[in-house]
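> What follows is a predicted structure for the sequence shown.
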Amino acid sequence: MLPSKLLYNPAAGRQRERRSHVVQGVIATLRSQGFHVESEATRAKGSGAQQAADAVRQGAAAVFACGGDGTVHDVLQGIAGTGASLGIIPCGSANALAQELRIPSDPLRAATLLHPQHSIQLRTMAVHRGDLPTLYSLCMAGAGPDGLLMYRMLTVNRGGLGRWRYYEHALRLFCSHRFPKFQVEVQQSDGSRAEHTVVSAMGLRIGDLQGIFRGIGRGASIHDPSLHVILVAPPARLTLPLWFVLAWLGLARLHPGITICKAQALVTQETVPLQVDGEWAGHVITAVTMAGPLQRVLTPAPVQA
Ligand SMILES: Nc1ncnc2c1ncn2[C@@H]1O[C@H](COP(=O)(O)OP(=O)(O)OP(=O)(O)O)[C@@H](O)[C@H]1O
């Protein structure tokens, strides 16, 4: 039996009143499959990182994040580099990483497919933020409008409306805000470096950001050892909506103001509003690299990395 901890976010997703019932079912299933698992609710926003680190210190060899991408993000901060495996039980309104790994969106069904011997090693992104602690990610980091959106969302009661709250606030932000341009340096896989003036810069590991942002990540993959970089040139009023529409149609590469490339690092030359995995990460000078630690992740079936 693999000593494990399941951290569930009582504030994630919908059907929160059923969460403890679902969690009990998930635990029973995981136990029957070889995980000696104990559960604990996350205590507050971001607390999953410390709780996951404590679980590993107390002997957990796997930590399950039961929630959405935000809960996975929190747990990863606590276990990256420790050797503990990450398990994902989707219960959020956005479960993009689970989907990328072909983990079913139904939590009980997901639990039935996870076994201690089924896992892959994935390289994490390291997101350096000046004096702030480095963050690790398996999903995405974005500087510019998406960072600002996550800052705005800090004060919003999401009230179980899930993604619709994001869409509403994204629209409001676009209508009310001027997005300043900033300089980024892209270090490409062949060692070359290029500077760009942009209004938005993203480093992605997943191809489907779900919902109306679905098309934006097309071409990115968690199994790709390099970073999928998307840069959007000014003027924001023109290039951002055109990007959105063309991405929706699967034609983002036709956008004259968009650069899409594979890279090893993406560095901003000035402070920018930053989001990592859909979480506000500060107004910082940022360096996103593919040099984070390898992370073992439980998957439904053995997959060639
Ligand atoms: N006990 C808690 N109380 C309040 N917030 C929490 C708690 N535990 C975790 N969180 C925070 O909840 C946020 C959302 O978590 P998550 O992404 O897992 O759910 P979600 O329903 O997909 O999220 P959302 O729709 O709000 O993006 C994260 O910022 C996480 O840190």
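Done, it's in.

> Output the contacting helices and strands for the longest strand along the chain.
As assigned by DSSP state E, the longest strand anywhere in the chain is strand 258-268. Applying 3 or more C-beta pairs under 8 Å, 6 or more residues apart in numbering; DSSP states H and E, we find strand 258-268 packed against strand 182-188, strand 200-204, strand 227-232, helix 236-248, strand 287-289. Backbone N, C-alpha and C define where each C-beta goes, glycine included.

> Comparing these, which comes out most buried?
Highest mean neighbour count of the helices and strands packed on strand 258-268: strand 200-204, a mean of 27 (counted as mean count of other C-beta atoms under 10 Å).

> how close does I27 get to L76?
Distance, I27 to L76, using C-beta to C-beta, to the nearest Å: 21 Å.

> Write out the residues of the stretch 201-305 of the chain neighbouring the ligand.
When proximity is defined by C-beta under 6 Å from any ligand atom, the stretch 201-305 of the chain lies next to the ligand at G278, E279.

> quick one: secondary structure of the nearest residue to I89 once chain neighbours are set aside?
Distances taken as C-beta to C-beta, 6 or more residues apart in numbering put C66 closest to I89, at 4.1 Å, once the chain neighbours are dropped. Three-state assignment for C66 (DSSP: H, G, I helix; E, B strand; the rest coil): strand.

> Report the beta-bridge partners for C66.
Beta-bridge pairing for C66 (DSSP bridges): Y8, I89.

> circling back to that earlier point, tilt between the longest strand of the chain and helix 236-248?
120 degrees (axes from the mean of the first three to the mean of the last three C-alpha atoms, to 10 degrees).

> The helix or strand following strand 258-268 - what's its average pLDDT?
Later in the chain than strand 258-268, the nearest helix or strand by DSSP states H and E is strand 272-276. With pLDDT averaged residue by residue, strand 272-276 scores 96.

> do the same with stretch 139-159
85.

> quick revisit: more neighbours: I27 and L76, which one.
Neighbour comparison, I27 and L76: the larger count goes to L76, with 26 against 21 (by other C-beta atoms under 10 Å).

> got a pLDDT number for V303?
49.

> which residues touch the residue lying closest to G59 once chain neighbours are set aside?
Distances taken as C-beta to C-beta, 6+ apart put P3 closest to G59, at 5.1 Å, once the chain neighbours are dropped. Contacts for P3 were tallied using C-beta atoms under 8 Å, 6 or more residues apart in numbering; they are H36, G59, A60, A61, A62.

> Serialize these to TSV and add fields for secondary structure and distance to A111.
Putting the contacts of P3 into TSV (DSSP: H, G, I helix; E, B strand; the rest coil; distance: C-beta to C-beta, whole Å) gives the following:
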residue	secondary structure	distance to A111
H36	strand	14
G59	coil	21
A60	coil	17
A61	coil	17
A62	strand	13
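
> Just flag the most distant two among those residues.
The largest distance within the contacts of P3, taken as C-beta to C-beta, falls between G59 and A62 and amounts to 10.9 Å.

> These two: who's more crowded?
A62 (26 against 11).

> thought the more buried one was touching L7?
No: using C-beta atoms under 8 Å as the test, A62 is too far from L7 to be in contact (11.3 Å).

> Measure how buried L171 is and give me the count.
By the criterion of other C-beta under 10 Å, L171 has 10 neighbours.

> Tell me if Y167 really is in a strand.
No: read with three-state DSSP, Y167 is helix and lies in no strand.
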